[in-house]
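# below is the structure, and that's it, no one-letter string:
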Ligand code: DGP
């Protein structure tokens, strides 16, 4: 059983922030940002491609509730949301999770990735990737 499934069923301890029928939210162990939170579906799914739409919707609804709580009641003024889905995307725990990083002005965090320009052919990329 995966470590996040063990957290949901209580086999492993966690600092639980919120729980409902379909989702569970707890503090990330990394201690890299105050209040770094993970929101997960109770039904195991590896990543965003594998989760059911219903579970993903439930996860995002919980993400919104928690973000609002952090801003309305906990002294934060914004949040970053992050997700890694797949090995190539640097996912390290293979149970879908959305990271919530609570933010406040002057917190010293820089969570937005810096990526070099690729000088890509946008027309070619568009032809390859469009869905309709
Ligand atoms: P990712 O790299 O996006 O798959 O993020 C995995 C996160 O899970 C990472 O920020 C650390 C966190 N994590 C790993 N193991 C545990 C654990 O046992 N407890 C808690 N609370 N968080 C964990």
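Perfect, thanks for sending it. What you see is a predicted model, and the numbers here were worked out from it, not measured in a lab.
# tell me the spacing between residue 72 and residue 48.
For residue 72, the distance to residue 48 equals 27 Å [C-beta to C-beta, to the nearest Å]. Just so you know, the C-beta spots here come from the backbone N, C-alpha and C atoms, and that holds for glycine as well.
# what residues does the protein have near the ligand?
Counting by C-beta under 6 Å from any ligand atom, the chain comes close to the ligand at 3, 12, 14, 26, 27, 28, 29, 30, 84, 91, 92, 93.
# run the last query once more with 8 Å
Taking C-beta under 8 Å from any ligand atom as the contact definition, the chain meets the ligand at 3-4, 7, 12, 14-15, 26-30, 32, 36, 38, 82-84, 90-94, 97, 99.
# can you map out the helices along the chain?
In the chain, the segments counted as helices under DSSP state H are 3-8, 53-73, 122-129.
# now those helices as CSV including mean pLDDT and mean neighbour count?
As requested, those are exported to CSV (pLDDT from 0 to 100; neighbours: other C-beta atoms under 10 Å):
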stretch, mean pLDDT, mean neighbour count
helix 3-8, 98, 18
helix 53-73, 98, 16
helix 122-129, 97, 8
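# and those: which comes nearest residue 110?
Each of those has some distance to residue 110 by C-beta to C-beta; the shortest is helix 53-73, at 19.1 Å.
# quick one: contacts of that closest one?
Helix 53-73 has contacts (C-beta atoms under 8 Å, 6 or more residues apart in numbering) with 17-18, 20-23, 25, 35, 37, 39-43, 45, 48, 51, 76-79, 81, 96, 98, 100, 102.
# now a ChimeraX select for only the buried ones of those residues.
Buried residues within these, by 16 or more other C-beta atoms under 10 Å, are selected in ChimeraX with:
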select :17,22,23,25,35,37,39,40,41,42,43,45,48,51,76,79,96,98,100,102
